[in-house]
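Asker: Structure for the following, please:
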Amino acid sequence: MKLPKKLNKPPIVDSIFEIRFESLYPLDIVPGLITKLLMPLNLKDIKQFPILQFPEQIRKIDANFKYAPYYRANIDTFVVQFGPRMISLASPIPYIGWENFIPMISKVIEEILKSQLVTKIERLGQRGINFFENNILGNSNIIIINPISLEKTQYQYIDYYKKDEINIKTLIANKAQYQSNDIVKIGSVIDIDSSIEDGINSNHGDVINLVEKLHLAGKSVFFEILKSDFLDTMEPEYDSTIS
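Answerer: Numbering: from 1, shown residues only. Have a look, this model is predicted:
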């Protein structure tokens, strides 16, 4: 399948890169070290999350908190969140396109990996959340066989896929909420989370190559889900390069 180079009317409302890691430093000082490392990228507007109101011992032993962010900040128009075991970076919305997002991902990775902070990368993830104001199932290639004759008012389908070393989770649902300019909209979502959890080298070039693979894997699944005539309404652009 030849993939569009880009969509002129992209439905994406969130694009998030995440790296999870181990460090030899005590957990309580790692966020401060991350702050120092990202300062050359003009890190600003740092805010705490309520998780810091919990005692440190609870945060250390509760599995729900293990990869939770402690702080939120901005790098230019990007949103960065970080904690003692993770960093995430979210693209500005309206979505700026992968070709404008990946350079900032590369800069953040470079600043983190050139220090001695990370001893092991546990997970790389790239997630895209797409919102549609209509019922997306009617515009998808997904076929649901259901023996119940009653009208279905709400649905949520979660599937897991594997492509080489990449794990892909898809969530397709209706009755989803999305807030834009203080207006809450109700519609459908296609949420695709691509990740790698094994055999990740802590080398900047290797990590970027894997992130590109994650993006391509998620992008391919997204376009496989949609019917071609519905895809055309988003004004796709193609060229001779499959990306």
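Asker: looking at the protein, which helix or strand does the model trust least?
Answerer: Using mean pLDDT, DSSP states H and E, the weakest-scoring helix or strand in the chain turns out to be helix 56-61, at a mean of 73.
Asker: Just the buried residues of that one, please?
Answerer: Neighbour-count burial for helix 56-61, counted by 16 or more other CB atoms under 10 Å, picks out residue 59. Just so you know, the C-beta spots here come from the backbone N, C-alpha and C atoms, and that holds for glycine as well.
Asker: following it, which helix or strand shows up next?
Answerer: The C-terminal neighbour of helix 56-61 among helices and strands, as given by DSSP states H and E, is strand 71-75.
Asker: Please compute how far the next helix-or-strand element following that following strand lies from its chain's middle.
Answerer: As assigned by DSSP H and E, the chain's next helix or strand after strand 71-75 is strand 78-83. Averaged C-alpha coordinates place strand 78-83 at 12 Å from its chain's average position (CA atoms, centre = their mean, to the nearest Å).
Asker: What segments of the chain are strands?
Answerer: Secondary structure of the chain (DSSP state E): strands located at 6-7, 12-22, 43-48, 71-75, 78-83, 86-90, 120-132, 156-163, 166-180, 183-196, 236-237.
Asker: ok, now how distant is residue 165 from residue 195?
Answerer: With distances taken as CB to CB, to the nearest Å, residue 165 is found 10 Å from residue 195.
Asker: More neighbours: those two, which one.
Answerer: Higher neighbour count among residue 165 and residue 195: residue 195, with 20 against 14, using other CB atoms under 10 Å.
Asker: ok, that one - contacts?
Answerer: 123, 124, 125, 126, 166, 167, 168, 169, 214 (CB atoms under 8 Å, 6 or more residues apart in numbering).
Asker: ok, now which ones touch the first one?
Answerer: With contacts taken as CB under 8 Å, 6+ apart, residue 123 has the following neighbours: 18, 19, 20, 195, 196, 197, 200.
Asker: which one of those sits closest to residue 89?
Answerer: residue 18 (7.8 Å; CB to CB).
Asker: quick revisit: I'd like the contacts of residue 195 written out as JSON lines, with pLDDT added.
Answerer: Putting the contacts of residue 195 into JSON lines (pLDDT from 0 to 100) gives the following:
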{"residue": "123", "pLDDT": "97"}
{"residue": "124", "pLDDT": "98"}
{"residue": "125", "pLDDT": "98"}
{"residue": "126", "pLDDT": "98"}
{"residue": "166", "pLDDT": "97"}
{"residue": "167", "pLDDT": "98"}
{"residue": "168", "pLDDT": "98"}
{"residue": "169", "pLDDT": "98"}
{"residue": "214", "pLDDT": "98"}
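Asker: of these, closest to residue 136?
Answerer: The closest of these to residue 136 turns out to be residue 169 (CB to CB; 16.9 Å).
Asker: Mind pulling the model confidence for the nearest residue to the closest one once chain neighbours are set aside?
Answerer: Counting by CB to CB, 6 or more residues apart in numbering, residue 169 lies nearest to residue 193, which is 4.6 Å off, once chain neighbours are set aside. On pLDDT, residue 193 comes in at 98.
Asker: For residue 193, list each beta-bridge partner.
Answerer: Beta bridges link residue 193 to residue 127, residue 169, judged by DSSP bridges.
Asker: try residue 75
Answerer: Going by DSSP bridges, residue 75 forms beta bridges with residue 43, residue 78.
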